[in-house]
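In: Task: produce atomic coordinates for the following.
(one chain, ligands or ions: 1)
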Amino acid sequence: MPDWMMALVRERIMPSERHRNASLAPGPPLDHRANRFLAALEAEDFAVLEPDLENMILPRGTVLYEPGDPIRFTCFPHDAIVSLVDVMEDGRLAEVALFGREGLLGLLSAFVSREAFGRYVVQIPGSVSRVPLDTMHAAIQASPKLQRQVLAYNEALLAQAYHTVACNALHPVEARCCRWILSTHDRQDGDTLPLTHEFLAEMLGVQRSTVSAVLRGLQIAGLIEQYRGGIAVVDRTGLERGACECYRKIRYRFEKLLPGTYAEADRSDSQSSHAVSPAAAASKPRR
Ligand SMILES: [Zn+2]
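Out: Numbering: from 1, shown residues only. Predicted structure coming up:
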């Protein structure tokens, strides 16, 4: 591909709104335990981290790390959602993992090389807590309980990446889109998700026009509503039916390894009062 075409591709997939980590300022004081990994820590482990924790507000599109960047902080999202994407030489992307309030980022690849695997980019804007990597390492070494919780999270994260790779290779875009919406919904309190067609297209590795068509189908089926700058989940049960098995597999691993830190156990029930009408079911996109 000629250079001018590469530049066009990069411009399409790297919107100018993107910010780099270095330009971010600390945010106002917030409760660090809005992150459920931190909330689940033993009091003495949290007390070790707390003096060095600081809040950051992350705008959409913030790139925390590019591939190969040195990792200096471990971040604990509150309502922000961050994706780890692999970046190809031609600029194309594929999402490998998603990070929200259930966990942390900037630790798995930070034990030996201390270099980012891929690009960590903010999909849903919001707040995070962060702690210097050295503080995190020292706390892990000092506490077997924290060590075990980190290992459990790393295992869940590995399972997420494992299933995501297979999902990207084998499952249709409609099912993957339902999985992505559900995974994002799990990490938010409300039913509205401020995500753009452009970012969703990047995460699913498809054209924006494909995402628009898929979302239109989901809206016609009564599963979501679209609004300017985002979507609202209307029928969670319908989305779960439309998603591939990978959503359930990934969620099962998180709930087994980190009980209480993933979505509330009753979220599906409380959000599933809308049955799919026969007409809506008939117009549901084919998987
Ligand atoms: Zn799948």
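
In: check contacts around the closest residue to the ion within the stretch 51-200 of the chain.
Out: Using C-beta to the ion, the single residue of the stretch 51-200 of the chain nearest to the ion is Cys167, 3.1 Å away. Where you see a C-beta, it was placed from the backbone N, CA and C, and this is true even at glycine. Counting by C-beta atoms under 8 Å, 6 or more residues apart in numbering, Cys167 makes contact with 176, 179, 244, 246.

In: Next: Ala139.
Out: Taking C-beta under 8 Å, 6+ apart, we find Ala139 in contact with 45, 48-49, 146.

In: on that earlier part again, narrow the contacts of Cys167 to just the buried residues.
Out: 176, 179, 244, 246 (16 or more other C-beta atoms under 10 Å).

In: What about those residues, which are in strands?
Out: Among the buried ones among the contacts of Cys167, DSSP state E puts none in strands.

In: now, which of those residues sits nearest Thr237?
Out: Nearest to Thr237 out of the buried ones among the contacts of Cys167 is Arg179 (C-beta to C-beta; 14.4 Å).

In: Give me the domain ranges for the chain.
Out: Annotated domains of the chain cover 3-156, 171-282 [automatic domain parsing].

In: So is the first one next to the ion?
Out: No: among the residues of domain 3-156, none lie within reach of the ion under C-beta under 5 Å from the ion; the closest is 12.2 Å away.

In: give me the element the residue nearest the centre of the chain is part of.
Out: Centrality entry for the chain: nearest residue to the mean C-alpha point is Leu98, 2.8 Å, by C-alpha atoms, centre = their mean. When elements are assigned from DSSP states H and E, Leu98 belongs to strand 93-99.

In: what's that strand packed up against?
Out: With contacts defined as 3 or more C-beta pairs under 8 Å, 6 or more residues apart in numbering; DSSP states H and E, strand 93-99 has these neighbours: strand 81-87, strand 119-124, helix 144-170, helix 197-204.

In: Quick one: work out the angle between that strand and strand 119-124.
Out: 70 degrees (axes from the mean of the first three to the mean of the last three C-alpha atoms, to 10 degrees).

In: So which of the contacts of Ala139 are in helices?
Out: 45, 48-49, 146 (DSSP state H).

In: With distance to Met136 and pLDDT as new columns, can those residues be given to me in JSON lines?
Out: Formatted as JSON lines, those follow (distance: C-beta to C-beta, whole Å; pLDDT from 0 to 100):
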{"residue": "Asp45", "distance to Met136": "11", "pLDDT": "95"}
{"residue": "Val48", "distance to Met136": "10", "pLDDT": "94"}
{"residue": "Leu49", "distance to Met136": "7", "pLDDT": "96"}
{"residue": "Leu146", "distance to Met136": "9", "pLDDT": "94"}
